[in-house]
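Asks: This is a predicted model, with the sequence first.
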Amino acid sequence: MNPLLLLLLILTLAAIGVFVILRWPDQAFWLTIVLLFDPSGHLSVFLSKEALGGFYYQDFFFFLAFVPLFSPKVSVKPLLHYRPFLLLLGVQILFLLYHVLVFGYWQPAKGWGYVMRYVLVRERMSVFGFLLIIPVFVMARRRLSLLVDILVWTSLIVYILYFVTLLTGVELVPVWQAERYKGTGIMRYSLYSAGLTDMLVPLTFFLIARKVDYRFRKIIIAATVLVIMSVMLSLTKSNYLNLFGLLVGALFLYYRFYKIHITGIVFKLTGFSIILLLLMLQFFPEYPGLVVRQVKDLWLFLSGDAYTSGVVEGRLQNQWPAHLALISQHPWLGTGANFSDYFSLRFDPSDYEVTDLPITGHLAMYGFVGLTIYSLFYFQLWRWLVAGYKEFRSKIRTINEVDLAFYFVVFAWMVKTFFFKPNYLFNELTTGTLHINLYAGILAALLYRQSKI
C-alpha cells in the first residue's frame, strides 16, 4: 500500500474514532480494548508491521484508549489521589528509568537516532505499554458490565467462525495449524490471537456458581464451551495449564468467600466436562485421546523426563545452559540492551531465545538488580490483590455482582499466572506489558469502587 494513502487512511479512521469515543466514551473504550487484544487474529495476521510499513494495529488502538479521558463525561480527578493506582504506576516508572539509565535505552555514543529507531519505534509497546493502566483504571471505575457484554458477543462470533473454518475448510478466521507429533499427521489448531477469552472462564464459573441472572447467560456459557473446546484442540500444554489454573483460582476463591461445600460446584463442573467430551467425540473423535496424551506429556515435562514421543524438552537441554552462562558472567546488571553482543559460539543463536524461558532469559538481560526493580510491580499487584480479598470478603453480602465477578477474574488470572505458569513470569518484558496492566488497572478500579461504598 502507498505510504501516503496508508497515512491518510489511518488519520481518517482516527478522526472518526475520536468523535465516536468522545460521544459514547464507555462503549467505545471497551470495544477499543477488546480490539486492542485482537479477538480473532485478523489484526495480527493481516495488519502486521510488515503489512503496514512499520505501523502496528496496537499503536492505533492504544492511542484511541486514551481519548475517552478527554471526554467531558469522564472525570479523571481521582487519578492523582488514589494510592494503590499511584503505586502500581510508580514502580513501573521506576523500572522505565532503569531501562533508560542502566539497561541502555539511552546510549550517548549511538545518539538520538538509536533512541528513535530502537526505543520509540521498535520497542514502543515493551517500553510504554504499561501506560495502558491509566485509561483502564479511569474507565473501569465507571461501567465494567459493558466489557462483559462486548467480550461475550465477540467471543461467541469469533469461535463460531473458528469451528466453521475447521469443519468446512473455508477460512473465515486465520487459523494456525501444525503437526503435533512428527510423522503422525496429527494436527493441532489455534487462533493466532485469543484476545481476552481468559476472562470468560472465571466469569462463567461465577455466573453458574452464584446463579446470577445475567441477560446473556446462555450466550456466555456457549462462548465459554467453544473457547474450552478450542483449547483442547490446540494440543498445547501451556494452554491446558492456563485453563486449569483459571478454574482452580476461581474455585479456591469461591470456597474462601462463601465457606460452603464445593461438592455441588464440582458436580456441575463434572457434568460440564462430560458434555464437552461428548461434543468433542461427536465432531473431533480422535482428539480426546490426544488430550490425555498431552496431559501425560505435561507431567513428564514437569518431572524432567522424556515425552511420550521419546523427545526430551529442548529448552532444558540447550536454552537453559545458554542463559545460565550469561547470568554467571553478568549477574547484577545483565547484558543490557546489547544482548546479542554477548552470545557465545558454544551455543546456537536460537538457544538465547527468551520467550520460552523468560525468567532466565530476562535475568541474563536485566540482571538481578533490574528484575528486582521490576518485581516491585509484582509485589504491588499481590499486595493490593490481598487487600481486595479482605475488602470483598468483609462486604460479601453488599457488593454488586459485577465488581465481585471481576474480582474473580483478576484473582483467577493471578493464580494462573504465578502458580501454574511461573516459568512465564517476566515474559511481558519482551512481548509487551499491555495484558498485565489491563488486569492491574481493573484491580485498582475495583478497590477504588469499594473505598467509596
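Replies: Here it is on my side, so go on. Keep in mind that this is a model prediction, so the values were computed, not measured.
Asks: Distance from the helix ranked longest in the chain to the middle of the chain?
Replies: Using DSSP state H to define each element, the chain has its longest helix at helix 358-394. Relative to its chain's centre, helix 358-394 lies at 16 Å (Cα atoms, centre = their mean, to the nearest Å).
Asks: Check which helices and strands that helix sits against.
Replies: On a contact count with 3 or more Cβ pairs under 8 Å, 6 or more residues apart in numbering; DSSP states H and E, helix 358-394 meets helix 83-98, helix 237-258, helix 320-329, helix 401-415, helix 428-431, helix 434-451. For glycine as for every other residue, the C-beta is placed from the backbone atoms N, C-alpha and C.
Asks: Can you pull the poorly scored residue ranges out of the stretch 151-300 of the chain?
Replies: In the prediction, the stretch 151-300 of the chain carries residues with pLDDT under 70 at positions 180-185, 261-300.
Asks: Helices of that one, residue ranges please.
Replies: Assigned by DSSP state H, counting those that start in this stretch, the helices in the stretch 151-300 of the chain fall at 200-209, 217-234, 237-258, 263-283, 287-303.
Asks: Could you measure from the closest residue to Glu179 other than its chain neighbours over to Leu235?
Replies: For Glu179, ignoring the flanking residues on the chain, the nearest one in space by Cβ to Cβ, 6 or more residues apart in numbering is Met187 at 6.1 Å. Separation of Met187 from Leu235 (Cβ to Cβ, to the nearest Å): 8 Å.
Asks: So for the two, which sits in the more crowded spot?
Replies: Leu235 (22 against 15; other Cβ atoms under 10 Å).
Asks: any idea of the pLDDT on Thr308?
Replies: pLDDT for Thr308: 47.
Asks: cool, and the one 10 residues further on?
Replies: Among the per-residue scores, Asn318 holds a pLDDT of 71.
Asks: Kindly report the same for the one 5 residues further on.
Replies: Here, the pLDDT recorded for His323 equals 82.
Asks: ok, for it, nearest residue in space, not its chain neighbours?
Replies: His323's closest residue in space is Thr360 (Cβ to Cβ, 6+ apart), at 3.8 Å.
Asks: per-residue pLDDT, the one you found?
Replies: On the pLDDT scale, Thr360 gets 84.
Asks: As a check, name the ranges of all strands in the stretch 101-250 of the chain.
Replies: Ranges of strands in the stretch 101-250 of the chain, per DSSP state E, counting those that start in this stretch, are 175-179, 187-191.
Asks: Name the residues of stretch 371-385 that come out as buried.
Replies: If you call a residue buried by 16 or more other Cβ atoms under 10 Å, then stretch 371-385 has these buried ones: Leu371, Ile373, Tyr374, Leu376, Phe377, Tyr378, Gln380, Leu381, Trp384, Leu385.
Asks: thinking again about what came up before, packed most tightly, which of the strands of the stretch 101-250 of the chain would that be?
Replies: strand 187-191 (a mean of 19; mean count of other Cβ atoms under 10 Å).
Asks: In the sheet, which strands lie alongside that one, parallel or antiparallel?
Replies: Applying DSSP bridges, strand 187-191 is found paired with strand 175-179 (antiparallel).
Asks: The partner strand vs helix 217-234, what angle?
Replies: Orientation of strand 175-179 against helix 217-234 (axes from the mean of the first three to the mean of the last three Cα atoms, to 10 degrees) gives an angle of 30 degrees.
Asks: In contact with Ile16, which residues?
Replies: Contacts for Ile16 (Cβ atoms under 8 Å, 6 or more residues apart in numbering) come out as none.
Asks: Next, give phi and psi for it.
Replies: With angles defined as degrees, to the nearest 10, Ile16 sits at phi -60, psi -40.
Asks: gap between it and Ile93?
Replies: Distance of Ile16 to Ile93, computed by Cβ to Cβ: 33 Å.
Asks: What separation do you get for the residue nearest to Asp149 when sequence neighbours are not counted and Trp30?
Replies: Spatial nearest neighbour of Asp149, chain neighbours left out: Phe216 (6.7 Å); criterion: Cβ to Cβ, 6+ apart. According to Cβ to Cβ, Phe216 stands 15 Å off from Trp30.
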